[in-house]
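In: okay, here's the prediction I keep looking at, along with the sequence it came from:
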Amino acid sequence: MNKKIFRIKNTITIISTSVAVILLIYFAYYSKRFESEWLSDNIVAIFVIFLFYFTHKKIEVTEVLYPFALLIAILHNLGTFGFYSKGIFGIEWDFVTHLYSGIILSLITYHCFHKKLKIKTLTKITLTIFVVMGIGSITEIMEVLGTFIFGPGEGFFQYGNGDLGLFDTQMDLIYNLLGIFVGLGIYFLNFAIKNIRKN
């Protein structure tokens, strides 16, 4: 038997993946019965999580960041229950999801570059901004294309609740960028704390 399966980091990965998939299966079941526009989002998210599970080590995702990365899909798919139309504590859910994904994706991306590329810090920061903003831009393009193909509606592939009119794309990308800066700030703060503890 492979003893690696019992290491804490593997246990965290397996448990968090299982919880995320179970939640998304429930979301899919709920959307099939009550909110069909979100069904495709929930099904796609399940496949994305499995893909992430089998590739996360190649992109140097740590056991700490792994469950936080899965939470990106969960937060987005809470739209199944109307979060994008209601918000939370007066905060638009669109802001929450874009800010959060910017934070986590920037942490993952910068850490990957730090581990794999021997380049200057400023270059890694610049590449991180480009990569994460690129991911954000692709999701916005998919949303617009989905609206052209399927018409207005809910979810990742269409334009609906949580989308704020003419400047929605610009605001979403600004939220992503803000998240990137917060994520990089967290990374360097953590790095500084570790160095202080060593000394």
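Out: Happy to help now that I have it.
In: chain neighbours aside, what residue packs nearest to Lys115?
Out: What sits nearest to Lys115 in space, not counting adjacent residues and going by CB to CB, 6 or more residues apart in numbering, is Glu60, at 4.4 Å. C-beta coordinates here come from the backbone N, C-alpha and C atoms, glycine included.
In: oh, that last question was meant for Ile129, not what I typed.
Out: In space, Ile129 is closest to Ile180, 5.7 Å off (CB to CB, 6+ apart).
In: what sits opposite Ile91 in the beta ladder?
Out: Ile88 (DSSP bridges).
In: and the gap between it and Ile12?
Out: According to CB to CB, to the nearest Å, Ile91 stands 29 Å off from Ile12.
In: looking at those two now, which is surrounded by more residues?
Out: Higher neighbour count among Ile91 and Ile12: Ile12, with 15 against 10, using other CB atoms under 10 Å.
In: Tyr66 is in contact with that one, correct?
Out: Yes - between Ile12 and Tyr66 there is a contact under CB atoms under 8 Å: 6.8 Å.
In: now the residue positioned nearest the centre of the chain: closest residue in space, sequence neighbours ignored.
Out: The chain has Ile72 as the residue nearest its centroid, 3.4 Å off, counting by CA atoms, centre = their mean. Counting by CB to CB, 6+ apart, Ile72 lies nearest to Ser101, which is 4.8 Å off, once chain neighbours are set aside.
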